[in-house]
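S.K.: next comes the sequence, and after it the predicted model I'd like to discuss.
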Amino acid sequence: MHGPLHLQGRTLPDEEPVQYWIVDGTLSVEPVDGAETVFSGGWILPGLVDAHCHVGIGPGGPVSIDEAMRQAETERRAGVLLIRDAGSPVDTREFDDCVELPRIVRAGQHLARTKRYIPGLPVNVDDEASLPEVVAQQAVRGDGWVKLVGDWIDRSVGDLAPLWSDDVLKAAIDAAHAHGARVTAHVFGEEALPGLINAGIDCIEHGTGITDDIVALMVERGTALVPTLINIDNFPGIADSAAKYPTYAAHMRALHAGCRARIGAAREAGVPIYAGTDAGGMVAHGRIADEVAALTGVGLSATEALGAACWDARRWLGAPALEHGAPADLVCFADDPRSGAAVLGRPDLVMLRGRVY
């Protein structure tokens, strides 16, 4: 569409009536003559956020740049206009010049010990003493985040085990912070969590192994949690495929069985929780509405869960929401998007950089 545009409706979380005008891809609260009304009478929200999404990874590992572009387009159709890409081997920085693709905040590439993560995805670190240097390199490559693999199966012991010693973690996270980057980590089990959190990590991904003591430590340190609940639902299948490692299989089943109570306890204690699907491997792209619904199942209210994938997540990532002068990235719904995944997953209008989809 050409020329100025106009939208009116209500926004969240305050449910107040709002009107916006769009000029040259920018949102304005000041009326503009001759604007065409493209939405009226429903709900207007900032573009949705998937805070754990892998553009460039498919079920078989790294994908082509064309497939990565299709993944990003799928996210846009679902209303996700801001992605925190929590580790990808595919360099998607050229997407920044594609006006039709969501904005991406990248965490560079996963960092793991050699043979301790999914082949083809991480930067493999042979000597853990070099981790701070490698973290600094990824801090430069990313957009303000670095992604560590905190634990993974250690086949020599047949169970989940930490990848890094505590002193190396402290030096590595300090190196990231010195370069202006925050750090997050993949963690399934219990054992790796104290070292990561005490070292000053900013976020935990999955977090199925959090205990009451860990929750208290996360509250004390201000550590965020992105639980990726719809991916955790794959744990029983992972356990079934790991019959060769019965201890690990039993551990994964136990983590799955207890995770919703544990994450609910984290929410009750005040740990900041954000919505991420872990799309790109075992989870299809475009499922943020399902993750929001899953968050309501661990105790978040419908408004809290939506905020975890919208205005609160944007604030956490330093992205603008609906404010004068902000980029016109928004989603509109005729019905209340808090009413369930069937509504949230089908935006009636998606606007990215002022373009209507």
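M.R.: Looks like it arrived, so ask away.
S.K.: count of residues packed around Lys115?
M.R.: Each residue near Lys115 was counted by other CB atoms under 10 Å, and the total is 11. Quick note: C-beta positions are derived from backbone N, CA and C, even for glycine.
S.K.: how about the secondary structure of it?
M.R.: Per DSSP: H, G, I helix; E, B strand; the rest coil, the secondary structure class of Lys115 is coil.
S.K.: residues in contact with it?
M.R.: The contact partners of Lys115, by CB atoms under 8 Å, 6 or more residues apart in numbering, come to Asn124.
S.K.: would you list the phi and psi of it?
M.R.: Comment: the main-chain dihedrals of Lys115 come out as phi 60, psi 20, following degrees, to the nearest 10.
S.K.: any idea how far it lies from Trp145?
M.R.: From Lys115 over to Trp145 the distance is 25 Å, taken as CB to CB, to the nearest Å.
S.K.: in stretch 265-285, what's buried?
M.R.: Residues of stretch 265-285 classed as buried by neighbour count (16 or more other CB atoms under 10 Å): 265-267, 271-281, 283, 285.
S.K.: and which of those is nearest to Val292?
M.R.: Here the nearest of the buried residues of stretch 265-285 to Val292, counting by CB to CB, is Ala275; it sits at 5.7 Å.
S.K.: now name the helix or strand holding that closest one.
M.R.: Following DSSP states H and E, there is no helix or strand that holds Ala275.
S.K.: so what's Cys310 up against?
M.R.: Each residue near Cys310 by CB under 8 Å, 6+ apart is listed here: 12, 45-49, 321.
S.K.: give me the number of residues near the closest residue to Ala171 other than its chain neighbours?
M.R.: Distances taken as CB to CB, 6 or more residues apart in numbering place Pro132 nearest to Ala171, at 4.5 Å, with adjacent residues excluded. Using other CB under 10 Å, Pro132 is surrounded by 19 other residues.
S.K.: now do Asp97
M.R.: By the other CB under 10 Å criterion, the neighbourhood of Asp97 contains 7 residues.
S.K.: look up phi and psi at it.
M.R.: Phi and psi for Asp97, reported as degrees, to the nearest 10, are phi -90, psi 0.
S.K.: against Ile104, how distant is it?
M.R.: When Asp97 is compared with Ile104 (using CB to CB), they lie 12 Å apart.
S.K.: tell me the centre residue of the protein?
M.R.: Among the residues of the chain, the smallest C-alpha distance to the mean C-alpha position (CA atoms, centre = their mean) belongs to Ala51, namely 1.5 Å.
S.K.: wait, what's in contact with that one?
M.R.: For Ala51, the set of contacting residues under the criterion of CB under 8 Å, 6+ apart consists of 84, 86, 226, 274-276, 309, 313, 316-317.
S.K.: can I get these in JSON lines with distance to Ala78?
M.R.: Putting these into JSON lines (distance: CB to CB, whole Å) gives the following:
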{"residue": "Arg84", "distance to Ala78": "15"}
{"residue": "Ala86", "distance to Ala78": "17"}
{"residue": "Val226", "distance to Ala78": "17"}
{"residue": "Tyr274", "distance to Ala78": "17"}
{"residue": "Ala275", "distance to Ala78": "12"}
{"residue": "Gly276", "distance to Ala78": "13"}
{"residue": "Ala309", "distance to Ala78": "10"}
{"residue": "Ala313", "distance to Ala78": "15"}
{"residue": "Trp316", "distance to Ala78": "20"}
{"residue": "Leu317", "distance to Ala78": "18"}
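S.K.: please, where are all the helices along the stretch 1-150 of the chain?
M.R.: 65-77, 131-141 (DSSP state H, counting those that start in this stretch).
S.K.: adding distance to Gly209, write those helices out as JSON lines.
M.R.: Converted to JSON lines, the helices of the stretch 1-150 of the chain look like this (distance: least, CB to CB, whole Å):
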{"stretch": "helix 65-77", "distance to Gly209": "28"}
{"stretch": "helix 131-141", "distance to Gly209": "22"}
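S.K.: Ile204 is nearest to which of those?
M.R.: Counting by CB to CB, and looking across all of these, nearest comes helix 131-141 at 16.7 Å.
S.K.: now for that closest one, which elements pack on it?
M.R.: If you count contacts as 3 or more CB pairs under 8 Å, 6 or more residues apart in numbering; DSSP states H and E, helix 131-141 packs onto strand 111-113, strand 123-125, strand 145-149, helix 166-178.
S.K.: tell me the first helix or strand C-terminal of the longest helix along the chain.
M.R.: Across the chain, the helix with the greatest residue count (assigned by DSSP state H) is helix 246-269. On the C-terminal side of helix 246-269, the closest following helix or strand by DSSP H and E is helix 288-296.
S.K.: same question for that following helix, mean pLDDT?
M.R.: For helix 288-296, mean pLDDT rounds to 98.
S.K.: what's in contact with it?
M.R.: 48-50, 75, 78-80, 227-230, 273, 275-277, 302, 304-306, 308-309, 340-342, 344-345.
S.K.: report the angle between it and helix 65-77.
M.R.: For helix 288-296 against helix 65-77, the angle by axes from the mean of the first three to the mean of the last three CA atoms, to 10 degrees is 60 degrees.
S.K.: what comes up buried for the strand or helix carrying Pro194?
M.R.: Following DSSP H and E, one finds Pro194 within helix 193-198. Neighbour counts using 16+ other CB under 10 Å place 193, 195-197 of helix 193-198 among the buried residues.
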